[in-house]
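In: Next come a sequence and a model predicted from it.
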Amino acid sequence: MTEFVHTAIKNKIGFITLDRPKALNSLSLEMVRTITEALHAWCKDDGVRAVLIRSSSDKAFCAGGDIRFFYEAGRNTPQHGSALLEDFFTEEYALNHLIHHYPKPYIAVMDGIVMGGGMGVAQGGETNRLRVVTERTKMAMPEVNIGLFPDVGGSYFLSRAPGQLGTYLAVTGEIIGAADALYAGLADVYIPAAQLSSLMELLESTEYSDARQAIRDFARQFETHADPARSALAQERATIDRHFVHDQVAAIASSLQRDDNAFSQKTLNTMTKRSPLMMCVTLAQLRRGAGMSVAECLRMERTMVRRSFENGEVLEGIRSVVIDKDNAPKWMPATLDGVTTDMIERFFAPAWPAHAHPLRDLD
């Protein structure tokens with residue numbers, strides 16, 4: 001247990017509680033290390049049958065990584081970043097990999113804001129996970145808004161969303177709610193926020209052979225409260241698939257421009273505010289990630305994040321959104337027309353020999 005992460009074992013469930021409310025539970029290196037340490041310990045503990053990660057706050061599950069720290073560390077040494085910055089991304093991505101392959105049921109209660117790094121600690125796994133959303137859930141991978149790309153395994157889980165939904169969410173950075181998250185395959189069950197305390201009491205007082213099934217049974221009474229089939233993404237699915245199937249962002253923008261549909265025009269307007277370069281890098285990332293394993297995606301992203309701080313687009317994005325808050329980033333280049341193939345490919349060029357890659361041991 002540390003100041004911002006509390007751990008406890010109750011009724012054979014390991015509880016991880018993120019408790020940094022003033023920063024919307026933005027992840028620090030210390031928080032990443034505490035979560036990792038707990039998961040490693042519980043993996044070998046026969047007294048822990050499942051793990052549940054949640055927030056102490058009703059505003060946010062986790063808003064991402066500590067981007068103020070990213071800015072200060074990257075600005076001081078823009079060519080290579082600081083040792084702590086390098087450690088943060090290496091250890092965060094290793095944690096994402098650990099969660100994805102965790103051998104015990106892993107439950108994430110995504111109440112409130114869940115973005116960026118928050119998605120990384122919630123989306124891992126496929127066979128053992130359970131992801132809970134509420135009416136307060138505000139989910140996104142908004143990195144293109146700060147000159148970055150959807151990391152923490154986004155290459156993997158976004159590229160595997162139905163149709164082109166993952167491409168749309170990655171390139172636009174748009175925020176979605178509970179029903180949309182369920183429809184996009186980024187959540188499993190809906191539970192009203194007012195019922196979460198009852199759920200926790202149930203989990204802490206009654207022993208279950210499968211905590212995930214117990215939660216599913218509890219959530220069944222609320223199935224009609226967030227109908228995926230009636231979500232905004234479901235309504236616009238055909239439009240999204242038609243426009244975002246292209247492999248060039250310029251082609252996506254051109255396709256949207258020819259469509260006078262209100263959703264298409266709103267989407268195009270959103271894209272004009274994002275980093276042209278990072279939208280293109282993000283699209284290339286997802287197309288590559290679709291054919292990669294989790295480990296391969298995370299290794300690719302680790303290289304990309306190194307290149308991102310060398311490029312500096314992320315520092316300008318964070319400055320405009322978080323530091324100066326003028327929301328007037330000076331993107332380089334300023335338009336899609338200025339983005340070249342060489343600019344994009346630079347983000348995927350090896351930053352280390354294969355034998356020296358910081359995540360070389362992931363499998």
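Out: Nice, thanks for sending it over.

In: now do the same end-to-end measure for stretch 191-209.
Out: Using C-alpha to C-alpha, to the nearest Å, the end-to-end distance of stretch 191-209 comes to 21 Å.

In: Now that stretch: buried residues?
Out: For stretch 191-209, burial by neighbour count (16 or more other C-beta atoms under 10 Å) applies to 191, 192, 196, 199, 200, 202, 203, 208. Placement of C-beta: from N, CA and C, glycine included.

In: Who are the packing partners of the helix or strand containing residue 307?
Out: Counting by DSSP states H and E, the element that carries residue 307 is helix 294-311. Applying 3 or more C-beta pairs under 8 Å, 6 or more residues apart in numbering; DSSP states H and E, one finds that helix 294-311 contacts helix 83-100, helix 154-157, helix 276-289.

In: avg pLDDT for the following helix or strand past it?
Out: The element immediately downstream of helix 294-311 (helix or strand, assigned by DSSP H and E) is helix 313-318. Over the span of helix 313-318, the pLDDT mean works out to 94.

In: now do stretch 154-173
Out: 98.

In: mind checking how far that stretch is from the chain centre?
Out: How far stretch 154-173 lies from its chain's middle: 11 Å, per C-alpha atoms, centre = their mean, to the nearest Å.

In: Show me which positions of that stretch end up buried.
Out: If you call a residue buried by 16+ other C-beta under 10 Å, then stretch 154-173 has these buried ones: 154-159, 161, 163-173.

In: Just the strands from the stretch 51-200 of the chain, written as ranges.
Out: Taking DSSP state E, counting those that start in this stretch as the criterion, the stretch 51-200 of the chain contains strands spanning 60-62, 106-110, 113-115, 129-133, 138-140, 189-190.

In: follow-up on the earlier one: got a markdown table for the helices and strands packed on helix 294-311, with distance to residue 16 too?
Out: Converted to a markdown table, the helices and strands packed on helix 294-311 look like this (distance: least, C-beta to C-beta, whole Å):
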| stretch | distance to residue 16 |
| --- | --- |
| helix 83-100 | 11 |
| helix 154-157 | 20 |
| helix 276-289 | 27 |
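
In: deepest of the ones you listed, which one?
Out: With neighbours taken as mean count of other C-beta atoms under 10 Å, the helices and strands packed on helix 294-311 reach their highest mean count in helix 154-157, at a mean of 27.

In: ok, now how distant is residue 269 from residue 256?
Out: 9 Å (C-beta to C-beta, to the nearest Å).

In: Who has more neighbours out of these two?
Out: Applying other C-beta atoms under 10 Å to residue 269 and residue 256 shows that residue 256 carries more neighbours, namely 23 against 10.

In: Now do the same contact list for the more buried one.
Out: Neighbouring residues of residue 256 by C-beta atoms under 8 Å, 6 or more residues apart in numbering: 243, 264, 265, 267, 268, 271.

In: Surely it forms part of a helix?
Out: Yes - counting by DSSP: H, G, I helix; E, B strand; the rest coil, residue 256 is part of a helix.

In: What backbone torsions are found at residue 223?
Out: Phi and psi for residue 223, reported as degrees, to the nearest 10, are phi -60, psi -30.

In: Distance check, it against residue 192.
Out: Residue 223 is 12 Å from residue 192, by C-beta to C-beta.

In: Which stretches in the stretch 101-250 of the chain count as helices?
Out: With DSSP state H, counting those that start in this stretch as the definition, the stretch 101-250 of the chain shows helices at residue ranges 117-120, 154-157, 165-172, 178-183, 196-205, 211-219, 232-235, 237-244, 249-257.

In: who's in contact with the fifth one?
Out: In this structure, residues lying in contact with helix 196-205 by C-beta under 8 Å, 6+ apart are 10, 11, 13, 52, 109, 111, 134, 191, 211, 214, 215, 218.

In: if we can go back for a sec, I'd like the distance from the helix holding residue 307 to the chain centre, please.
Out: Centre to centre, stretch against its chain (C-alpha atoms, centre = their mean), the figure for helix 294-311 is 15 Å.

In: how many degrees apart are it and helix 83-100 in direction?
Out: Computed by axes from the mean of the first three to the mean of the last three C-alpha atoms, to 10 degrees, the angle separating helix 294-311 from helix 83-100 equals 160 degrees.

In: Kindly export helix 294-311 (C-alpha atoms) in PDB.
Out: Output of helix 294-311 as PDB, limited to C-alpha atoms (Å, rounded to 0.1, in the frame of the first residue of the first chain):
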ATOM      1  CA  VAL A 294      -0.100  -8.200 -27.100                       C
ATOM      2  CA  ALA A 295       3.700  -8.400 -26.500                       C
ATOM      3  CA  GLU A 296       4.500  -7.200 -30.000                       C
ATOM      4  CA  CYS A 297       2.000  -4.300 -29.700                       C
ATOM      5  CA  LEU A 298       3.500  -3.200 -26.500                       C
ATOM      6  CA  ARG A 299       7.000  -3.400 -27.800                       C
ATOM      7  CA  MET A 300       6.000  -1.400 -30.800                       C
ATOM      8  CA  GLU A 301       4.300   1.200 -28.600                       C
ATOM      9  CA  ARG A 302       7.400   1.500 -26.400                       C
ATOM     10  CA  THR A 303       9.400   2.400 -29.500                       C
ATOM     11  CA  MET A 304       6.700   4.800 -30.600                       C
ATOM     12  CA  VAL A 305       6.600   6.600 -27.300                       C
ATOM     13  CA  ARG A 306      10.400   7.000 -27.300                       C
ATOM     14  CA  ARG A 307      10.100   8.500 -30.800                       C
ATOM     15  CA  SER A 308       7.200  10.700 -29.700                       C
ATOM     16  CA  PHE A 309       9.300  12.600 -27.100                       C
ATOM     17  CA  GLU A 310      12.100  13.000 -29.600                       C
ATOM     18  CA  ASN A 311       9.600  14.500 -32.000                       C
END
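
In: Fine by me, thanks again.
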